[in-house]
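Student: Turn this into a model:
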Amino acid sequence: MKLYKALFVVCLAGVLASPLQATAADKTLKLSLSDAVTMARKNNYMVKAARSRVDQAEGRVVQTRQSSLPKVTLSETLVVTNDPGAALVYKLQQTTLVNTDMDAREMVEADVINDFNTSLKVMQPIYNADAAPGKNMALSAKTGMAFMAVRTEETIGLQVSKLYYGLILARKNIEAVDQSIKIMQSYSTEASRGYAAGFLTKSDKLSTEVRLAELQEQKLMLEDAVKNATDMLRVMLNLETDVVVVPTGDFVVDTVIPSAGSEASLLKRADLKAYEMYKQVNVYQEEMIRESRMPRLNAFLQTDLHGDALLNGGSSWALGLNLQWNVFDGMATTGRIQEAKAKVHEAMYNYEAAKSNSSAEVSAALRSLKTAKERIAVASKSMEAATVSLDFIGRQYKTGMAMTFELLMREQAWAYAKMRLNQAKYDYCVSRSELDYYKGN
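Tutor: Next up, the predicted model:
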């Protein structure tokens, strides 16, 4: 009977615990690097903001259509007055004027009159010299914004890559510390036995415990690093606060170092293309200001309906042309042209500076990549030597042929070599991501 009760309790606990386990599993998100970058480019708020700026530029392109499309205005005005002159005009417009209204007494002592004026006005641009460069300027600005949106996606991708590799580094370092803790726990047990048997001093016994405490403290700090990297990665991917990101990738070292690329391919980088378009924007702006000095010709058509009630009464229309020419504006246009010229030069300088910086950035990333690969080879040899040395001293220590401080030195050297190797691989992967970014991936 007791056995059946125990089985029932176990089954009930399993049923109650299963939904919680499923929920916890749902909160864990396993991602490869490419999946993480793709998700960030889709969900990140900075990317969305950059795309919104492209939409704003598209709105400004739409606004330039006013230079060729008609402008239609419909208005309704109500006037109540007993002004003799206005009353006479309104009656005339309402086609209600009679001969008696022309009597002097009737004109002077006019009755209160209501006038509903329904007006429809159409303005059609015919010639605006600055319309074409204005439209070209808006289109160039939109193209530049689109290039900058692409560069924002690439920037977010680089930041995600660094966080992703940082998360892998922290996890690998925790594994290294766990291995050191496991090793030191076994040697600490040996030290306790040696101390109990009188072979070791209390100082030797305590030194192993001190090293264990150091490793446990280091693990706590690395666990914080994992949490911090996870939090930042979660923000970049726009995930919920309780989602735990688990990387499925690893440090991958290429057998062949990637090339720096050609100068022509570098000029196709999104931000450089954007700077080039911004330079063109300023050129069109200068042209638009120059053309604004030319006369403007617009046609207009206006029809009015006047009555003592809404949509009732007499109608009239007028058709005409309007010519405007700003002959002299007190040197304002001349100053704007001078300012626009300076902006063209500034945009050109910014483009050349960005181009020079891009070449230096590619060279620096390539140097870091080569150095990191050389460091990996050196750290691998150091790791192999530290492993052999630790194994040898470990066997010597168990037989009483090695001192405790020798064991601690070898273990610390092994742990340091392991983390140096992890750091070198991390630096290689980050440098490769930076090289792709500076080349324009």
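
Student: elements contacting the strand ranked longest in the chain?
Tutor: Ranked by residue count under DSSP state E, the longest strand found in the chain is strand 113-127. If you count contacts as 3 or more C-beta pairs under 8 Å, 6 or more residues apart in numbering; DSSP states H and E, strand 113-127 packs onto strand 71-81, helix 84-93, strand 296-307. All C-beta spots, glycine's among them, are computed from the backbone N, C-alpha and C.

Student: tell me the mean pLDDT over the next helix or strand after the second one?
Tutor: Later in the chain than helix 84-93, the nearest helix or strand by DSSP states H and E is helix 104-108. Model confidence over helix 104-108, given as mean pLDDT, is 70.

Student: Need the pLDDT of the residue nearest in space to the middle of the chain.
Tutor: Central residue of the chain (C-alpha atoms, centre = their mean): M46, 2.7 Å from the mean position. Note on M46: pLDDT of 96.

Student: measure it to L33 for me?
Tutor: To L33, M46 is 19 Å away according to C-beta to C-beta, to the nearest Å.

Student: Now do the longest strand of the chain against strand 71-81, angle only.
Tutor: 160 degrees (axes from the mean of the first three to the mean of the last three C-alpha atoms, to 10 degrees).

Student: orientation of the very next helix or strand once past strand 113-127 relative to strand 296-307 in degrees?
Tutor: Next helix or strand after strand 113-127 toward the C-terminus (DSSP H and E): helix 131-197. Angle, helix 131-197 to strand 296-307, by the same axes, to 10 degrees: 100 degrees.

Student: So which elements touch helix 131-197?
Tutor: helix 33-43, helix 45-63, helix 202-237, strand 244-247, helix 270-291, helix 332-398, helix 404-439.

Student: Just the angle for that helix relative to helix 33-43, thanks.
Tutor: 140 degrees.

Student: starting at the chain centroid, how far to helix 131-197?
Tutor: Relative to the chain's own centre, helix 131-197 is displaced by 17 Å; criterion: C-alpha atoms, centre = their mean, to the nearest Å.

Student: what's the average pLDDT for that helix?
Tutor: pLDDT averaged over helix 131-197 gives 91.

Student: again with stretch 272-287
Tutor: Average pLDDT, stretch 272-287: 95.

Student: ok, then the element right after the helix or strand of the chain with the lowest mean pLDDT?
Tutor: When each helix and strand of the chain is scored by mean pLDDT, DSSP states H and E, helix 2-26 comes last, with a mean of 39. Sequence-wise, the next helix or strand downstream of helix 2-26 (DSSP H and E) is strand 28-31.

Student: Adjacent strands (with direction) for that following strand?
Tutor: Sheet pairing for strand 28-31, assigned by DSSP bridges, gives strand 244-247 (parallel).

Student: So which residues make contact with stretch 211-222?
Tutor: 170, 173-174, 177-178, 180-181, 184-185, 188, 408, 411-412, 415 (C-beta atoms under 8 Å, 6 or more residues apart in numbering).

Student: next one: stretch 91-99
Tutor: By C-beta under 8 Å, 6+ apart, stretch 91-99 touches L88, D101, I113, D115, D304, H306, G307, D308, G313, G314, S316.

Student: Same question for it: list its buried residues.
Tutor: K91, Q93, Q94, L97 (16 or more other C-beta atoms under 10 Å).

Student: From those residues, pick the one nearest N282.
Tutor: For the buried residues of stretch 91-99, the residue nearest N282 by C-beta to C-beta is Q93; the value is 51.2 Å.

Student: Could I get the pLDDT score of the closest one?
Tutor: Listed pLDDT for Q93 reads 86.

Student: and the gap between the closest residue to T387 other than its chain neighbours and R193?
Tutor: Counting by C-beta to C-beta, 6 or more residues apart in numbering, W414 is the residue found nearest to T387 once chain neighbours are left out, at 6.3 Å. Per C-beta to C-beta, W414 is found 23 Å from R193.

Student: more neighbours, those two?
Tutor: Neighbours were counted for W414 and for R193 using other C-beta atoms under 10 Å; W414 has more, 24 against 12.

Student: how about the more buried one, what does it touch?
Tutor: Each residue near W414 by C-beta under 8 Å, 6+ apart is listed here: S180, M383, A386, T387, S389, L390.

Student: repeat for L29
Tutor: So L29 contacts L239, V243, V244, V245, V246 (C-beta under 8 Å, 6+ apart).

Student: now it: how far from V245?
Tutor: 5 Å.

Student: okay, and the common contacts of those two?
Tutor: By C-beta under 8 Å, 6+ apart, the residues touching both L29 and V245 are L239.

Student: what's the neighbour count on the nearest residue to S161 once chain neighbours are set aside?
Tutor: Distances taken as C-beta to C-beta, 6+ apart put S433 closest to S161, at 4.2 Å, once the chain neighbours are dropped. Neighbour count for S433, taken as other C-beta under 10 Å: 23.
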